[in-house]
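> turn this into a structure:
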Amino acid sequence: MNLLLTATAAFVVIALYFVFSMARHARRRRPVRATRSLAGGVVSGSMGGACILLVFSYYGYGRLVEEQVVSQIEFSQSAPRVFTARVMVDGRMDRVFELRGDEWQMDARVVNWKPPATLLGLDPLYQLDRLSGRYASIDQELSAQRSVHALSEDLTLDVWRVARRFPLLMPGVDAYYGTATYLPMADGARFEVSLSRTALLARPLNEAARNAVGDWGQ
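I've put the predicted structure just below:
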């Protein structure tokens, strides 16, 4: 993060230098030099803006080093096909959601880097996106009441959204993609959710969860 902040400051200073240089050449009626300074200012300003975007995104996303546990989720059944899900993430308050259906699904966003971004020592970023209920039957999935909940807040500056809408502004992004995992819900079941560099993974933690996974699809 310190290196990223240093790079941001450097690009901003360089951009300001080109702006003042362009103004000076324009006053002295040197159009060619003014145009060169303008081009330099645009390039360095764009790089500075990208660094600022990364700084803000690093505060809203988590850093993915290797496969790591990102959440635990525990269920209690309140009615047929209605469950209360308690989502536990280290460093955050537990959150409780109502899910309807037979299965639960958790989605996440992942951003990987390539040079020149990797030269700044950037790790892949991830953000838990949403939690939803699923029905085993396609007919019920189409007609029954759905339940979906956001697991993160929208960021003012979000590298994921910028990479999707303006890929040319994020040349350091190697890949950005969504990943999801789903397993059956059961009363008292507790699961652990991990994230590798390619996918979310869910594993049962107690007997209720193991029994639910063992009976899945039967």
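> pull out the buried positions in the strand or helix carrying Tyr176.
Per DSSP states H and E: Tyr176 is located in strand 173-184. Neighbour counts over strand 173-184 (16 or more other CB atoms under 10 Å) mark 173, 176, 179, 181-184 as buried. C-betas here are computed from N, CA, C, even on glycine.
> all helices of the chain, in order?
Taking DSSP state H to define them, one finds helices in the chain at 2-27, 31-60, 138-143, 159-165, 207-215.
> pLDDT averaged over the third one - what is it?
For helix 138-143, mean pLDDT rounds to 91.
> can you show me the CA trace of that helix as CSV?
The C-alpha coordinates for helix 138-143 follow below in CSV (Å, rounded to 0.1, in the frame of the first residue of the first chain):
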residue,chain,number,x,y,z
ILE,A,138,-36.1,-25.4,-11.8
ASP,A,139,-39.9,-24.9,-11.8
GLN,A,140,-39.8,-23.6,-8.2
GLU,A,141,-36.7,-21.5,-9.1
LEU,A,142,-38.9,-19.8,-11.8
SER,A,143,-42.1,-19.4,-9.7
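> mind giving me the packing neighbours of it?
Counting contacts by 3 or more CB pairs under 8 Å, 6 or more residues apart in numbering; DSSP states H and E, helix 138-143 packs against no other helix or strand.
> circling back to that earlier point, give me the sheet partners of the strand holding Tyr176 and which way each runs.
strand 103-113 (antiparallel) (DSSP bridges).
> could you check the angle helix 207-215 makes with the strand it pairs with?
Comparing the axes of strand 103-113 and helix 207-215 via axes from the mean of the first three to the mean of the last three CA atoms, to 10 degrees yields an angle of 90 degrees.
> can you list the domains in this structure?
Taking automatic domain parsing as the reference, the chain has its domains at 2-60, 64-215.
> weakest of those domains by average pLDDT?
Taking the mean pLDDT of the domains of the chain, domain 2-60 comes last: a mean of 65.
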